[in-house]
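Visitor: sequence and predicted model, in that order:
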Amino acid sequence: MSNLPELDQLQKYLQEVGPADASAYMAELMPQVFLKEVVIQLKERFPDNTLYMGLADDGFPVLLNLHDPVPGPLLVAADEGAGKTAYLKMIAAGLQELQDPSDVQYALLTAHPEEWEGAEQVPQCAGVFAFDHNSSNFIHSLAEWAHANKSNQSVVLLIDGLEHFAKLDSDVGDILRWFLLRGPARHVWPIATLDANQVANWQTQPLLEFFRTRIYGRTTDRNALYTLTGSNVDFSELTDSQFAMREGQEYLNFWIPRLD
């Protein structure tokens, strides 16, 4: 039996109980929910060229419209071990389940390619690359594609560890900066993770201004949070499957389902 209630019923229930009880209910529910359960309910009504980002405290899915460049690149910031890589894996798995590769594909830059074993075997994956010179050809090819692309296809560029950016050849780094500045308007969507303890890194800090949309996991470094949010918000109590994102003047709490 599925642990995830019908989404319409879940949304109605969460609206009735109020924010505090809704959050407590989601905290108990979501560690038991698998992505495949969400996919079953969303698949028939899921929009093309959209990313599934998680399930909010109100029971509604959090979605990213890949045809609207306004949100810009996404930064996922949290402590080491707080679920940032798991979040990227959920995005990739949701994309594989919910989108046709002719609409959306993804590529990955990571310091640990072994953590993504088998990913390149799915048609939605354009490649898994380490932060070294071997990624150069792909990044150059992606830039050429972005400049020439006249289709509606999008590429989600997952960057697991923005702090490793400096390891790339200078020309590749320049292209990635262009992706951060112009990518979403050209259907290339960078989504990067960053360890909170690297926020003040002199090589990383200049890149932060490119990320208009920031997603936060558990973060205990208050100085890093202040740099990222400009406020004294506290995300130290978030679980490994819980994240937050600014929505207007408030923060939207949302959850990611399990993959296995």
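Guide: Okay, I see it.

Visitor: just for the chain, where's the confidence low?
Guide: Under the criterion pLDDT under 70, the flagged ranges of the chain are 1.

Visitor: in it, which spans are strands?
Guide: 50-56, 61-65, 74-78, 104-110, 125-130, 154-160, 188-195, 213-216, 242-247, 250-255 (DSSP state E).

Visitor: okay, those in CSV with mean neighbour count and distance to L181 next?
Guide: Quick note: C-beta positions are derived from backbone N, CA and C, even for glycine. CSV is the format used below for the strands of the chain (neighbours: other CB atoms under 10 Å; distance: least, CB to CB, whole Å):
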stretch, mean neighbour count, distance to L181
strand 50-56, 22, 20
strand 61-65, 16, 18
strand 74-78, 26, 14
strand 104-110, 24, 17
strand 125-130, 19, 21
strand 154-160, 24, 13
strand 188-195, 24, 10
strand 213-216, 20, 14
strand 242-247, 20, 21
strand 250-255, 18, 26
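
Visitor: okay if I get the ones you listed as JSON lines plus distance to Q205?
Guide: Output for these, formatted as JSON lines (distance: least, CB to CB, whole Å):
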{"stretch": "strand 50-56", "distance to Q205": "25"}
{"stretch": "strand 61-65", "distance to Q205": "25"}
{"stretch": "strand 74-78", "distance to Q205": "12"}
{"stretch": "strand 104-110", "distance to Q205": "19"}
{"stretch": "strand 125-130", "distance to Q205": "24"}
{"stretch": "strand 154-160", "distance to Q205": "16"}
{"stretch": "strand 188-195", "distance to Q205": "10"}
{"stretch": "strand 213-216", "distance to Q205": "14"}
{"stretch": "strand 242-247", "distance to Q205": "19"}
{"stretch": "strand 250-255", "distance to Q205": "23"}
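
Visitor: out of the ones you listed, nearest to L29?
Guide: Minimum separation from L29 across those (CB to CB) falls at strand 250-255, 8.3 Å.

Visitor: tilt between that closest one and strand 242-247?
Guide: 150 degrees (axes from the mean of the first three to the mean of the last three CA atoms, to 10 degrees).

Visitor: and strand 250-255, what does it pack onto?
Guide: helix 19-29, strand 50-56, strand 242-247 (3 or more CB pairs under 8 Å, 6 or more residues apart in numbering; DSSP states H and E).

Visitor: what lines up beside that strand in the sheet?
Guide: strand 50-56 (antiparallel), strand 242-247 (antiparallel) (DSSP bridges).

Visitor: need the residues that contact that strand.
Guide: Applying CB atoms under 8 Å, 6 or more residues apart in numbering, the external contacts of strand 250-255 come out as 23, 26, 30, 33, 53-57, 62, 216, 233, 241-246.

Visitor: can I get that strand as PDB, trimmed to CA atoms?
Guide: Output of strand 250-255 as PDB, limited to C-alpha atoms (Å, rounded to 0.1, in the frame of the first residue of the first chain):
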ATOM      1  CA  GLU A 250       8.600  34.100   3.600                       C
ATOM      2  CA  TYR A 251      10.300  30.700   3.200                       C
ATOM      3  CA  LEU A 252       8.600  27.800   1.600                       C
ATOM      4  CA  ASN A 253       9.400  24.500   3.300                       C
ATOM      5  CA  PHE A 254       9.400  21.400   1.100                       C
ATOM      6  CA  TRP A 255      10.400  17.800   1.100                       C
END
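
Visitor: what is the distance between it and the centre of its chain?
Guide: What separates the centre of strand 250-255 from the centre of its chain is 14 Å, taken as CA atoms, centre = their mean, to the nearest Å.

Visitor: kindly report the same for stretch 151-159.
Guide: With CA atoms, centre = their mean, you get 13 Å for stretch 151-159.

Visitor: please apply the same query to stretch 154-173.
Guide: With CA atoms, centre = their mean as the basis, the mean position of stretch 154-173 lies at 15 Å from the chain mean.
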